[in-house]
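A.B. asks: Need coordinates for the below:
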Amino acid sequence: QVPLVESGGGLVQAGGSLRLSCAASGGDFSRNAMAWFRQTPGKERELVAAISRSGGGTYYAESVEGRFTIFRDNAKNTMSLQMNSLKPEDTAVYYCAVTLSWRDPGIELVSVWGQGTQVTVPS
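C.D. replies: You can find the predicted model right below:
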């Protein structure tokens, strides 16, 4: 397994931007598809975006398409999520994950989770 550590969460006003980062230590980072999920209290964890092993393939949930960008740097063992035009409904704990697929992966395809980072966008 590849330990994952997220960073970059925080509080930002609506319309603002944040960049989340996920650092992996150990294992062969470039062999894994990766994804960002998010969860709010009382709701199921949902996919936000996913990226292929090379970074050439990406998938976005409809709710973030055009506002968020997922990318990775295999040389640095990092993955990031650039979040622009943030809305109050983007408020959640965001989780970095290793997945078995980058094409709309469900949580059942996640093999490793990060600890999560809080993103808050006040209304």
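
A.B. asks: Just to be sure, residue 23 is in a strand?
C.D. replies: Yes: membership of residue 23 in a strand is supported by DSSP: H, G, I helix; E, B strand; the rest coil.

A.B. asks: Centre-most residue in this protein?
C.D. replies: Taking CA atoms, centre = their mean, the centroid of the chain lies closest to residue 36, which sits 2.2 Å from it.

A.B. asks: so what's it scoring on pLDDT?
C.D. replies: At residue 36, the predicted lDDT confidence score is 98.

A.B. asks: Return the list of helices and strands in contact with the strand or helix carrying it.
C.D. replies: Assigned by DSSP states H and E, residue 36 belongs to strand 33-39. Strand 33-39 sits against strand 18-24, strand 46-51, strand 68-73, strand 78-83, strand 92-99, with contacts defined as 3 or more CB pairs under 8 Å, 6 or more residues apart in numbering; DSSP states H and E. Every C-beta, even on glycine, is put in place using the N, C-alpha and C of the backbone.

A.B. asks: Buried residues, the fourth one. List them.
C.D. replies: By that I understand strand 78-83. 78-83 (16 or more other CB atoms under 10 Å).

A.B. asks: and the angle from it to strand 68-73?
C.D. replies: Put simply, strand 78-83 runs at 160 degrees to strand 68-73, going by axes from the mean of the first three to the mean of the last three CA atoms, to 10 degrees.

A.B. asks: again, but for the second one
C.D. replies: An angle of 40 degrees separates the directions of strand 46-51 and strand 68-73 when computed by the same axes, to 10 degrees.

A.B. asks: Quote the end-to-end distance of stretch 55-71.
C.D. replies: 6 Å (CA to CA, to the nearest Å).

A.B. asks: now the residue lying closest to residue 85 once chain neighbours are set aside: how far from residue 25?
C.D. replies: Among residues not flanking residue 85 along the chain, residue 67 sits closest, at 4.7 Å (CB to CB, 6 or more residues apart in numbering). Distance of residue 67 to residue 25, computed by CB to CB, to the nearest Å: 30 Å.
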